[in-house]
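1. Sequence and predicted structure, then a few things I'm wondering about:
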Amino acid sequence: MNITAFLDSTYLKTPSQAGISEEETRQKVYRLTDEAIQNGFYEVMIRPDFVKEIKDYLVSKGSAVKVGTVMGFHEGTASTAEKLVEAEKAITDGADELDFVINYEAYKAGQKDLVKNEFVSGTKLSVDNGKVVKWIIEIAALTDEQIVAITKDIREWAEANFEENQLPDIFVKSSTGFYLTEDGKPNGATFEGIELMIQNAGKLSVKAAGGVKSPEDAQKMISMGVKRIGTSSALSLVSDQEIKDGY
């Protein structure tokens, strides 16, 4: 199975998180982009600050690689208004895909109306501008029952507010890769979590992000029905290498 077209090659660490300079971070983003061009990855997933220059760089190279970026990253607790401002700038800068971290803490606290409004507003802005939109639910922060419930709700909100032909461009995404877990528990996609998402997403697409550590894992995820895989180790995956570190 050729997995390259499913891969969103990802670098989302800030300089302070990585312990490197702004310029070193920029160099990492450009290396990621060059790898995506050379290997035919679907997308580069980068911080909003880099969207415009990387989109311009890809256009200058005549590349079909897409540019994705994140809203409300990584905690998801920013207000709906703040996330929409981030999304509007990303659209202006040329982003092809917008990955929102849904306010899963508000959802867990029973504030469904807040989360629904965030979802509908962010999705409408995205699809009205011809963008793919993904909603990160952070499965490591949820119980199995909560994974099922939030995926079902996202599906129902999508079906009630958007056209059927728009649904495949609305994703439920597993993880940020930045959530801090205890006792060595996985902080990204697991087969069990992804299965629950796929079973309840209906016609929405599912993205597995983080925790895909080998080509075999990637192939299994795709066979399960995943439409995209987010990884900071895309080159290792297509080189048939098991990933020891990375997102």
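-> Arrived safely, thanks for sending. Numbers count the residues shown, from 1 in each chain.
2. Which strand or helix spans the spatially most central residue of the chain?
-> For the chain, residue 99 is the residue whose C-alpha lies nearest the centre (Cα atoms, centre = their mean; 5.0 Å). Using DSSP states H and E, residue 99 sits in strand 97-101.
3. Ok, residue 81 next?
-> Counting by DSSP H and E, residue 81 is part of helix 80-93.
4. Ok, residue 45 next?
-> Going by DSSP H and E, residue 45 is part of strand 43-46.
5. and whichever helix or strand comes after that strand with helix 80-93, angle?
-> For strand 43-46, the following helix or strand on the C-terminal side (DSSP H and E) is helix 51-60. Our comparison of helix 51-60 with helix 80-93, counting by axes from the mean of the first three to the mean of the last three Cα atoms, to 10 degrees, yields an angle of 30 degrees.
6. Which parts of this structure are helices?
-> Assigned by DSSP state H, the helices in the chain fall at 15-18, 22-39, 51-60, 80-93, 104-108, 112-128, 144-161, 191-200, 215-224, 234-238.
7. If you rank every helix and strand of the chain by mean pLDDT, what lands last?
-> Here the helix or strand of the chain ranked lowest by mean pLDDT, DSSP states H and E is helix 234-238, holding a mean of 91.
8. Name the spans of this structure whose pLDDT lies under the cut-off.
-> 241-247 (pLDDT under 70).
9. and stretch 87-101, which residues are buried?
-> 87, 89-91, 93-101 (16 or more other Cβ atoms under 10 Å). Bear in mind the C-beta positions are built from the backbone N, C-alpha and C, glycine included.
10. and the closest residue to residue 164 other than its chain neighbours, what does it touch?
-> Spatial nearest neighbour of residue 164, excluding adjacent residues (Cβ to Cβ, 6 or more residues apart in numbering): residue 203 at 7.0 Å. Residue 203 is in contact with 155, 159, 164, 167, 168, counting by Cβ atoms under 8 Å, 6 or more residues apart in numbering.
11. Dump these to TSV, plus neighbour count and distance to residue 41.
-> Shown next, in TSV, are the contacts of residue 203 (neighbours: other Cβ atoms under 10 Å; distance: Cβ to Cβ, whole Å):
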residue	neighbour count	distance to residue 41
155	19	28
159	15	31
164	9	29
167	17	24
168	12	20
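12. If we go by neighbour counts, what in stretch 30-50 is buried?
-> 32-33, 35-37, 39, 41-50.
13. Just the residues contacting it, thanks.
-> By Cβ under 8 Å, 6+ apart, stretch 30-50 touches 4-12, 14, 26, 29, 54, 57-58, 61, 63, 65-71, 73, 86, 89-90, 93, 95-97, 99, 228, 230, 234-235, 238.
14. Quick one, which of the residues you listed are buried?
-> Members of these classed as buried by 16+ other Cβ under 10 Å are 6-12, 29, 54, 57-58, 63, 65-71, 73, 86, 89-90, 93, 95-97, 99, 228, 230, 234-235, 238.
15. For residue 192, grab the count of nearby residues.
-> Other residues lying near residue 192 total 11 when counted by other Cβ atoms under 10 Å.
16. Also residue 16?
-> The number of residues near residue 16, taken as other Cβ under 10 Å, comes to 8.
17. how far away is it from residue 44?
-> 21 Å (Cβ to Cβ, to the nearest Å).
18. Grab the nearest non-local neighbour of residue 105.
-> In space, residue 105 is closest to residue 77, 6.0 Å off (Cβ to Cβ, 6+ apart).
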